[in-house]
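**Student:** Fold the following, please.
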Amino acid sequence: MKRRHFLKYTSLASTGLAFAACNSGNLSTSGKNNSSESSSVSEVDFGKLEKTYLNLGIIPITESAPLVIAQELGFFARYGLNVSLSKQENWQQIQDGLLDYQLDAAQALYGMPMIAQLGAEAAPMVALMVLNLHGSSITLSPKAWDAGIRPAIEYFTFQEFADSYRQYVRKFQEPPIFATESNASMDYYISRYWLAAMGINPESEVEFMEIAPSQMIYKIQAGVMDAYSSSEPWNQQTVLQGNGFIANTSQNIWTGHPGNVLATMQAWVDEHPATARALVAAILEACKPKIAAKLPKFLPKAGIWIRIRNISNLLYWATIVMVVLITKKGWKRFLIFISFMVTIAMIQRSRIQLTIPGVPMEFGCSLR
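**Tutor:** The predicted structure follows:
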């Protein structure tokens, strides 16, 4: 299925309140231009909220960031909402919670509303807004590294990487296992697209398996699968533990692809229209670019700490080079070297951890 057709067909699940995340659209009913960031909340009047205590489901991956930020920075409260974030272990729990109305709304896979509507029960699940774009990576096992496969960016052309990886896959006696969080996820669609673009038949030359995101690092460490596609932080966690490497990012495969959505049931929207609008408005507030400038002020309140990990090997080699520099090049070169190594260490191994009761999350980047 072509990407434009995929988006067209899934649009049926985005009826009702449809907004793009981090977009400064006008949420008021007055028709006034709300493009200015100085607009006050009082200009948006949704009327009396039908329900103020909401239970929102999330999965502890980076896509939940808009909901976590809206909670920690008080945007839900600003719109009169008392929100509880309920961490779920997997996407099946998210779906069951929505269908059983145990969750008012939830972070959901992009394809979940569509599949729910087209399923046997024809459940009227809808997407209120898109929460994010991009955010996933494809991680390969150490076995692929040992076979000479490297991250796609280390090849001159994608075709060169494709030829190497295709030859690697076809050396298996049985199709290698490729894991994704769900067949309803964008990761599943992008992985199939990625494999097909390399001339690998996703139907017969690999075997897809559904695994919860938090279990990816343990399964690839145990050798259960040869590759997986997932959201962060599970790719970086695998890299930091030395159990795999990132072959490609979803943004490189499909620039601009949607990630997760905020989903609920159509009956809930019909019963709580003002609450639904207030919920979306609060999350849009959390997505505004100006929030980034205010984050340092709120870091202690959100329980965010920066920690440096796994730099023992770096320090070992730094000590060796330091001795050489002191001996041959003098203190000036030594100080320049130390400044450079400290900068690299901070960038490569820095992690920003959100420690919120019941909602452990971690964000980070690595120079690879």
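
**Student:** so A263 bridges to which residues?
**Tutor:** Beta-bridge partners for A263, by DSSP bridges, are A106, A127.

**Student:** what's the neighbour count on it?
**Tutor:** When neighbours are defined as other CB atoms under 10 Å, A263 has 27 of them. For glycine as for every other residue, the C-beta is placed from the backbone atoms N, C-alpha and C.

**Student:** pretty sure it contacts Y110?
**Tutor:** No: with contact defined as CB atoms under 8 Å, A263 does not count as touching Y110 (9.4 Å).

**Student:** which residues touch S185?
**Tutor:** Residues counted as contacts of S185 (CB atoms under 8 Å, 6 or more residues apart in numbering) are W91, L109, Y110, G111.

**Student:** now swap in F46 and tell me
**Tutor:** Neighbours of F46 in contact, by CB under 8 Å, 6+ apart: Y79, A274, T275, R277, A278, A281.

**Student:** List buried residues within those residues.
**Tutor:** Among these, the ones that count as buried by 16 or more other CB atoms under 10 Å are Y79, T275, R277, A278, A281.

**Student:** Looks like the second one contacts G47 (just checking).
**Tutor:** To tie it back to what came earlier, the one meant is T275. No: the criterion here is CB under 8 Å, and T275 misses it with G47 at 9.9 Å.

**Student:** re earlier: now the common contact residues for A263 and Y110.
**Tutor:** By CB under 8 Å, 6+ apart, A263 and Y110 have these common neighbours: A127.

**Student:** Okay, now the unreliable bits of the stretch 201-350 of the chain?
**Tutor:** Along the stretch 201-350 of the chain, the model assigns pLDDT under 70 to residues 290-350.

**Student:** At which residues are the helices of it located?
**Tutor:** For the stretch 201-350 of the chain, the helices defined by DSSP state H, counting those that start in this stretch occupy 216-221, 234-240, 250-253, 266-271, 273-287, 290-302, 312-328, 331-349.

**Student:** gap between the closest residue to Q237 other than its chain neighbours and Q159?
**Tutor:** In this structure, Q237 finds its nearest non-sequential neighbour in I217, 5.1 Å apart by CB to CB, 6 or more residues apart in numbering. Relative to Q159, I217 is positioned 31 Å away (CB to CB, to the nearest Å).

**Student:** who's more crowded, the two?
**Tutor:** Of the pair I217 and Q159, I217 is the one with more neighbours under other CB under 10 Å, namely 23 against 12.

**Student:** Okay, buried residues for stretch 238-245 please.
**Tutor:** The neighbour-count check on stretch 238-245 (16+ other CB under 10 Å) flags T238, V239, L240, N243, G244, F245 as buried.

**Student:** Would you point out the most distant pair within those?
**Tutor:** Greatest spatial distance among the buried residues of stretch 238-245 (CB to CB): L240 and F245, at 11.0 Å.

**Student:** Which residues are in contact with each of those two?
**Tutor:** Counting by CB under 8 Å, 6+ apart, L240 and F245 have no shared contacts at all.

**Student:** Show me the strands in this protein, by range?
**Tutor:** 19-20, 53-58, 82-87, 105-109, 125-130, 136-140, 177-180, 207-210, 227-231, 245-249, 260-265, 304-308, 350-356, 359-364 (DSSP state E).

**Student:** quick one, the second one and strand 82-87 angle?
**Tutor:** In other words, strand 53-58. 30 degrees (axes from the mean of the first three to the mean of the last three CA atoms, to 10 degrees).

**Student:** what helices or strands is strand 53-58 leaning on?
**Tutor:** helix 65-72, strand 82-87, helix 91-99, strand 105-109 (3 or more CB pairs under 8 Å, 6 or more residues apart in numbering; DSSP states H and E).

**Student:** Could you do the fourth one as well?
**Tutor:** Contacts defined by 3+ CB pairs under 8 Å, 6+ apart place strand 105-109 against strand 53-58, helix 91-99, strand 125-130, strand 260-265.

**Student:** and these as JSON lines, adding distance to P289?
**Tutor:** Shown next, in JSON lines, are those (distance: least, CB to CB, whole Å):
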{"stretch": "strand 53-58", "distance to P289": "22"}
{"stretch": "helix 91-99", "distance to P289": "28"}
{"stretch": "strand 125-130", "distance to P289": "17"}
{"stretch": "strand 260-265", "distance to P289": "19"}
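
**Student:** Let me know which of those is the nearest to V224.
**Tutor:** Nearest of these (CB to CB): helix 91-99, 19.0 Å.
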